[in-house]
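> give me a 3D structure for the following:
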Amino acid sequence: MKKQFIAITFGLISIMTMVSFTSIETKNTSTPIQTEKEGMVFTEGTFADICAKAKKEKKNIFFDAYASWCGPCKLLKRDVFTSKTAGDFFNKKFINVAMDMEKGEGAALAPAFQITAYPTLLILNHKGEIIGRTMGYQSAEKLIEFAKPYVR
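Here you go, the predicted structure:
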């Protein structure tokens, strides 16, 4: 019985080792599928820097207030923010920002923006004041319709 256990254990270790070497080899030889970004481009930086950029470019800010654990937030990021339709509209007309509202500067901004649910999607002016708000998952088309009245 002990010999069978040792043989099975050794066999499993051998298989796991071969699988890990195969996956490493595959990862090193793979090429990226998407070389150009079609979706929305999000600006990183401090909130003050983002407001200054919005003022300089004479644009309002599209602000995605999300949490890392939020399912609808992940769907927005995966399905909507990567779409060409959303990218074509928002990249030209807004400064786009996505911020985790439970970490860093986001945690400080959440009470000021009265964030009570995720995702909360805001339109801010260059002073950082809220001029538009919607919550929950939105299709690219619905998100564009929401944002159209706030184009400068």
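
> report the residue spans of the protein with pLDDT below the cut-off.
Low-confidence regions of the chain, defined by pLDDT under 70, span residues 1-36.

> walk me through the domains of it.
1-30, 47-150 (automatic domain parsing).

> show me where this structure has helices.
With DSSP state H, the ranges of helices along the chain come out as 2-29, 47-57, 71-75, 84-93, 104-112, 140-147.

> contact partners of stretch 95-111?
For stretch 95-111, contacts defined as CB atoms under 8 Å, 6 or more residues apart in numbering pick out 40-43, 46-47, 50, 53-54, 57, 59-68, 77, 81, 90, 113, 115, 118, 120. Bear in mind the C-beta positions are built from the backbone N, C-alpha and C, glycine included.

> are any of those buried, and if so which?
Buried by 16 or more other CB atoms under 10 Å: 40, 42, 47, 50, 53-54, 59-67, 77, 81, 90, 113, 115, 118, 120, out of the contacts of stretch 95-111.

> inside strands: which ones of the residues you listed?
Using DSSP state E, the members of the buried ones among the contacts of stretch 95-111 that fall in strands are 60-66, 120.

> relative to residue 149, which of those residues is nearest.
Nearest to residue 149 among those, counting by CB to CB, is residue 60 at 10.3 Å.

> list the contacts of the residue sitting nearest the centre point of the chain.
In the chain, the C-alpha nearest the mean C-alpha coordinate belongs to residue 77, at 4.3 Å (CA atoms, centre = their mean). Applying CB under 8 Å, 6+ apart, we find residue 77 in contact with 66, 98.

> cool, thanks, talk later.
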